[in-house]
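1. generate coordinates for the sequence data below:
(one chain, ligands or ions: 1)
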Amino acid sequence: MNDHADEPAAAIGDGTRAVRAGLPEPAKNEPPLPGPVFAAHFHLPGDVSGPYTYGRDTNPTWTLLERAIGELEAPGQDVDTIVFASGMAAVSAVLLSQAGTGDTVVLPDDGYQALPLVREQLEAYGIHVRTAPTGDDAQLAVLGGARLLWIETPSNPGLDVCDIRRLVDAAHAGGTLVAVDNTLATPLGQRPLELGADFSVASGTKGLTGHGDLLLGYVVCRDPELAATVRRWRKIVGAIPGPMEAWLAHRSLATIQLRAQRQWTNALAVAEALADHGDVTGLRYPGLPADPSHKTAARQMRGFGSVVSFTLPDRAHAERFMAALHLVEDATSFGGVRSTAERRGRWGGDPVPEGFIRLSAGAEDTDDLVTDVLRALDAAGTGV
Ligand SMILES: *Cc1c(COP(=O)(O)O)cnc(C)c1O
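-> The predicted structure follows:
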């Protein structure tokens, strides 16, 4: 529970909220953010009451982090947050705890690359899966009778956007629950619960924590009964975050607004520079006014994210571009303070062209980053 929920919480700015999110009331001689609590079990004389009993069920370091994430995802609202060992632990916890044999689940067909693996598992348990693209709210057409709708917006790596409120209204009218994967936007960029979703689910590995030094996932949910079913799933599967990771994540949250604002500025600047380059096709960034996602994104997002995607003429061209970058590291994942990019086709999982690049803008100085990207593009074009 988000004990600190009160009216002023919704009124303050994102940066003000972020630097204090989840912190306990100041107490003399105590640190602002208590250190990680390493405990498999807690002293428990007599009956088994009290918040902390066994380390797979609860941990005080998680409690503070869960409060912080809840404050960012749904300021001023009473919500439940459950942290997990990774984004996929959180994704699977919602899908597998909410759907049972004979139920139908609707997934995007252009979502995160591990979703098809989850689909296979759902089908192995006798759960029916329907898919449709994220763009044009195409999932609307396949909602009928579904138990759960899974939305990923903006989608990774294609950066299509769907209208969360519109999909939620249609889903709820038919008794369908809605979960939104909020990884790419982060709670600074988008608040799915305010748009009516039942669950906001994300990987905390990416922009939420931003330093590329931990894996984490979370689920935020308004309905305590739904939250209890997800919490129970964590208990029986045991997909819990380590206290050190939870503490590092909480420490990183204090700077989320600083990081996000610089990264969004950098992503837009890179996208604008790419838009004018002759070797670039298929450029996508929801913050570009000409982008097909822009209208919907501008309505429901508070920031357009750190990820830009585009296509170079072929695989060799894309590999030359990657090799010529100095400030942008060749690595997967996104949302970190150091810019990264990769030729996405090297994984073989996403339906993308061979020359497709996913670039995540970091917190470097904008001019340095744009200069590096343009210089690498020129080098790649001449075959250097
Ligand atoms: C990375 C990612 C995940 C999975 O998160 P992990 O922390 O790597 O398990 C889920 N959804 C999206 C959109 C992602 O980008």
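
2. going by C-alpha atoms from here, please, whenever you check contacts or count neighbours.
-> Fine.

3. tell me where the stretch 151-300 of the chain has helices.
-> 164-173, 186-189, 224-237, 243-253, 256-275, 294-300 (DSSP state H, counting those that start in this stretch).

4. for the ligand, find the nearest of those helices.
-> The closest of the helices of the stretch 151-300 of the chain to the ligand is helix 186-189. By CA to the nearest ligand atom, the value is 10.3 Å.

5. for the residue in the stretch 251-384 of the chain positioned nearest to the ligand, what are its contacts?
-> Closest to the ligand within the stretch 251-384 of the chain is S333: 6.3 Å, counting by CA to the nearest ligand atom. By CA atoms under 8 Å, 6 or more residues apart in numbering, S333 lies in contact with 206, 340.

6. F310 pairs with what?
-> Under DSSP bridges, the beta-bridge partners of F310 are I357.

7. pLDDT score for it?
-> According to the prediction, F310 has pLDDT 98.

8. tally of neighbours for it?
-> F310: 23 surrounding residues under other CA atoms under 10 Å.

9. what does the one 4 residues further on give?
-> The local packing count at D314 equals 12, with neighbours defined by other CA under 10 Å.

10. with P31 instead?
-> Using other CA under 10 Å, P31 has 11 neighbouring residues.

11. in a strand, the residue of the stretch 251-384 of the chain closest to the ligand, correct?
-> No: S333: not assigned to a strand; according to DSSP: H, G, I helix; E, B strand; the rest coil it is coil.

12. and the protein, which of its residues are near the ligand?
-> Residues of the chain lying near the ligand by CA under 6 Å from any ligand atom: 86-88, 112, 156, 183-184, 203, 205, 215-217.

13. mind redoing it with 5 Å?
-> Residues of the chain lying near the ligand by CA under 5 Å from any ligand atom: 86-88, 112, 203, 205.

14. show me where the stretch 101-250 of the chain has strands.
-> With DSSP state E, counting those that start in this stretch as the criterion, the stretch 101-250 of the chain has strands at 104-108, 128-132, 148-152, 177-181, 199-203, 217-221.

15. now render those as JSON lines, adding mean neighbour count and mean pLDDT.
-> Listed next are these as JSON lines, based on neighbours: other CA atoms under 10 Å; pLDDT from 0 to 100:
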{"stretch": "strand 104-108", "mean neighbour count": "24", "mean pLDDT": "98"}
{"stretch": "strand 128-132", "mean neighbour count": "18", "mean pLDDT": "98"}
{"stretch": "strand 148-152", "mean neighbour count": "26", "mean pLDDT": "98"}
{"stretch": "strand 177-181", "mean neighbour count": "24", "mean pLDDT": "98"}
{"stretch": "strand 199-203", "mean neighbour count": "28", "mean pLDDT": "98"}
{"stretch": "strand 217-221", "mean neighbour count": "27", "mean pLDDT": "98"}
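
16. how does the chain divide into domains?
-> 9-253, 257-382 (automatic domain parsing).

17. let me see the confidence value for the residue nearest to W62 when sequence neighbours are not counted.
-> Spatially, and ignoring its direct neighbours in sequence, W62 is nearest to A246 (6.1 Å; CA to CA, 6 or more residues apart in numbering). On the pLDDT scale, A246 is placed at 98.
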